[in-house]
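# here's my sequence, what's the structure:
(chains A and B)
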Amino acid sequence: MILHGIDYAILVVYFAFVLGIGAALKRFMKTSLDFFESGRSLAAWITGLAFISANLGAQEVIGMAASGAKYGIMTSHFYWVGAIPAMIFVGVFMMPFYYGSRAHSVPEYLRLRFDEKTRALNAISFAIMTLFSSGISMYVMGRLFQLLLGWDINVSIVASAAVVLVYILLGGLTSSIYNEVVQFFLIVFGFLPLAFIGLGAAGGWTGLQTRLSTVATDAGFASGAWTQSWQHMGTPQANPMGVEWFGMAMGLGFVLSFGYWCTDFLVIQRAMAAKSMNAARRTPVLAAIPKMFFPFIVILPGMLAIALLPAGAFVFNGKTDYNMAMPLMLQKFYPPGLLGLGLTALLASFMSGMAGNVTAFNTVWTYDIYKAYIRPNAKDADYMRMGKLATVFGTLASIATAYVAMMFGNIMDLLQLVFSFINAPLFATFLLGMFWARTSAHGAFWGLISGTSAAAVHYALTSVGPAAASTTLHIYPSDMAQNFWGAIWAWSSCFVVTILVSLLTKARNPADLKGLVYSLTPRITEEGVPWYRRPAVLALVVGVLTIGLNIYFW
Amino acid sequence: MTLDLRLPLGLLFAVLGLLLALYGLVSDAAIYQVSSGVNVNLWTGAAMFVFGALMLIGVKLGSRRAD
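The predicted structure is shown next:
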């Protein structure tokens, strides 16, 4: 792929703005509240777009297109079964406790609701997970630009990390959120034309269906396996993902997605920066509206890639790599100019994915580890300085994990694996913690431990494909199936153990749980709020539209 | 009090849109063979410029209301 002057010009303009936003925000960063929480002052549309963009890093743009090529439209389950219902749920039901408790972070909510050890467990595992996500995102970027443009992978990683570091140091969370919103629009303008041009070249949706039916039958599946999202999910053998409907709906839809969107501080932090309770609750619900249509921007190009490009296009150094689906499509259909925009959008998504992780990390480190255990009663300026130091450390650690990530293959599956160990049990803890006042601190802590252990044990005792060890109890048809079922086991184990231990240990005094538990918190009144600003009404509209999309692509 | 996001957002897209649209006008039609003959630079650039301009108009109207 060769870049022209115009492409470089677009890249340069973008970088100038990214750093410019940081510089312009510097004078507003007066207290730690500004730096870590944007002063709780942002409008719902801004936090909403940041809510989805923070997650729109390597995993989504490259990974979803790769899955679109590999599995077809079934990939949309990550949105229409996974993300959207979870986003609606967190906005309507959980945000009142996150925002209302005035906690600075998700781990801090756990301390208020349970105790120190539960918070420490969550804070530390989250900090590690965040640095890994950030490192993976950098590695993917470096390798991509190496393959596409011949840029040195070390230079790409270090240079992009340096830019991210500078704009977070200057503008804190606000800088990160603003750049996420900029990135959202870059992705839309940069990739939407690809869907249109590609669909035109394939002969429209019907033309694409015809081409993909050949792909499906060649792979040994029914002809609609790539273009029908639910029809081939009766058995794992009937679809390319190797998952049946129950594992999909429960493992991905209920456990993993709710575990991620409802408890991951990376996204929740965006909503907590909103200017009011109403804005915080609308954040994930408003975010769900563009999210619902993202499959057309990120999955469709992958499906078009497998339909339009020759089979050999995905083979690099003798190995098939679907992660190149999106870049190959850009190369095939974009002229100079738009190509620069597309690559800028890709670069932006990688950088803001990294920035999101680093800002979440510096907050959790400063509030939940440093302030909690190292220096509890320091001056505000001290926490601000620690936040900046943590930003530097987080960036350096991300670079280190980027090199660790080079040793692993499929990014998507690795991420799912990490999430299933840590995030899957979490949703059980929050669900019980927020909606069952009897849940005790010991119950929550041992529930989490048992959930994560269950995931690890499940992973150790099962395998994928024919190569089974003597200890293997079950063989799954695919990595996905193994991950989804591991998540189901982890969640169930956490749920049951939390209840049992809670019943055996002392309950908290109900007076201490006001604002933290559903039954002990006064209902939010919405009198005088117009319908289009009511989270529940918006959630209903989004829910109906999502069901419609599932039925249309059934 | 913080920086109105619509200002940098509007500026960036107005500038990028203008850049892309102008390039679309002056570039050789042959480069659009890859995109089925459609001058995608001109169209995408124009759309981005309109979006950027709308954001900037929003800043203008918003600041008048807030003061």
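# show me what contacts the residue nearest the centre of chain B?
Nearest to the mean C-alpha position of chain B, counting by Cα atoms, centre = their mean, stands B:F49 at 2.2 Å. Residues counted as contacts of B:F49 (Cβ atoms under 8 Å, 6 or more residues apart in numbering or on different chains) are B:F13, B:A14, B:G17, B:L18, B:A21. For the C-beta atoms, the positions are set from N, CA and C on the backbone; glycine is no exception.
# just say helix, strand or coil for it.
helix (DSSP: H, G, I helix; E, B strand; the rest coil).
# do the same with A:N55
coil.
# check contacts around it.
So A:N55 contacts A:L266, A:V267, A:G353, A:G356 (Cβ under 8 Å, 6+ apart).
# ok so, going back, now, among the contacts of B:F49, which is nearest to chain A?
Closest approach between the contacts of B:F49 and chain A, by Cβ to the nearest Cβ: B:F13, at 6.6 Å.
# measure how buried that closest one is and give me the count.
26 (other Cβ atoms under 10 Å in any protein chain shown).
# can you tell me which residues contact it?
B:F13 is in contact with A:F185, A:F189, B:M48, B:F49, B:F51, B:G52, B:M55, counting by Cβ under 8 Å, 6+ apart.
# so who does the closest residue to B:A47 other than its chain neighbours touch?
Sequence neighbours aside, A:F189 is the residue nearest to B:A47 in space, at 6.8 Å (criterion: Cβ to Cβ, 6 or more residues apart in numbering or on different chains). When contacts are counted by Cβ under 8 Å, 6+ apart, A:F189 touches A:L341, A:A345, B:F13, B:T44, B:A47, B:M48, B:F51.
# of those residues, which one scores lowest on pLDDT?
Lowest in pLDDT among those is A:A345, which has 91.
# which residues in chain B form helices?
B:6-26, B:40-66 (DSSP state H).
# okay, those, which one's buried deepest?
Mean neighbours per residue, mean count of other Cβ atoms under 10 Å in any protein chain shown, is largest over those for helix B:6-26, with a mean of 20.
# test my guess that A:F294 contacts A:Y79.
Yes - using Cβ atoms under 8 Å, A:F294 is in contact with A:Y79, at 6.3 Å.
# how distant is the helix or strand harbouring A:V188 from the center of its chain?
For A:V188, the element it lies in under DSSP states H and E is helix A:153-202. Its chain's average C-alpha position is 15 Å from that of helix A:153-202, according to Cα atoms, centre = their mean, to the nearest Å.
# okay, and A:A66 sits in which element?
Counting by DSSP H and E, A:A66 is part of helix A:58-71.
# would you mark the buried spots in stretch A:274-288?
Neighbour-count burial for stretch A:274-288, with 16 or more other Cβ atoms under 10 Å in any protein chain shown as criterion, is recorded at A:274-275, A:278-288.
# may I have it as PDB, with CA atoms only?
Output in PDB follows, covering the C-alpha atoms of stretch A:274-288 (Å, rounded to 0.1, in the frame of the first residue of the first chain):
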ATOM      1  CA  ALA A 274     -21.700  13.100  33.000                       C
ATOM      2  CA  LYS A 275     -23.100  16.300  34.400                       C
ATOM      3  CA  SER A 276     -26.200  14.900  36.100                       C
ATOM      4  CA  MET A 277     -27.800  11.600  37.200                       C
ATOM      5  CA  ASN A 278     -30.200  11.800  34.200                       C
ATOM      6  CA  ALA A 279     -27.200  12.400  31.800                       C
ATOM      7  CA  ALA A 280     -25.300   9.500  33.400                       C
ATOM      8  CA  ARG A 281     -28.200   7.200  32.900                       C
ATOM      9  CA  ARG A 282     -28.800   8.300  29.300                       C
ATOM     10  CA  THR A 283     -25.100   7.800  28.500                       C
ATOM     11  CA  PRO A 284     -25.200   4.100  27.700                       C
ATOM     12  CA  VAL A 285     -28.700   4.200  26.300                       C
ATOM     13  CA  LEU A 286     -27.900   7.000  23.900                       C
ATOM     14  CA  ALA A 287     -24.600   5.100  23.100                       C
ATOM     15  CA  ALA A 288     -26.700   2.100  22.100                       C
END
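# how far away from the center of its chain is that stretch?
17 Å.
# before we move on, the earlier item: distance to A:S398 for the contacts of A:F189 - can I get that in CSV?
Formatted as CSV, these follow (distance: Cβ to Cβ, whole Å):
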residue, distance to A:S398
A:L341, 26
A:A345, 21
B:F13, 29
B:T44, 32
B:A47, 34
B:M48, 31
B:F51, 32
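# OK, contacts around the nearest residue to A:I88 once chain neighbours are set aside?
In space, and not counting its chain neighbours, A:I88 is closest to A:A539: 4.4 Å by Cβ to Cβ, 6+ apart. Contacts for A:A539 were tallied using Cβ under 8 Å, 6+ apart; they are A:I88, A:G91, A:V92, A:V285.
# widest-spaced pair of the residues you listed?
Pairwise distances across the contacts of A:A539 peak at 7.1 Å for A:V92 and A:V285 (criterion: Cβ to Cβ).
# which residues do these two both contact?
Shared contacts of A:V92 and A:V285, counting by Cβ under 8 Å, 6+ apart, come down to A:P535, A:A539.
# ok, and what's touching stretch A:226-242?
The contact list for stretch A:226-242 (Cβ under 8 Å, 6+ apart) reads A:70-74, A:76-77, A:80, A:208-209, A:212-213, A:215-216, A:219, A:221-222, A:224-225, A:243-245, A:247-248, A:303, A:306, A:476-478, A:480-481, A:550, A:553-554.
# looking only at pLDDT, what's the mean for the helix holding A:V188?
Mean predicted confidence for helix A:153-202 is 91.
# list the buried ones in the helix or strand in which A:S450 is found?
Using DSSP H and E, A:S450 sits within helix A:441-461. Buried residues in helix A:441-461, counting neighbours by 16+ other Cβ under 10 Å, are found at A:441-455, A:458-459.
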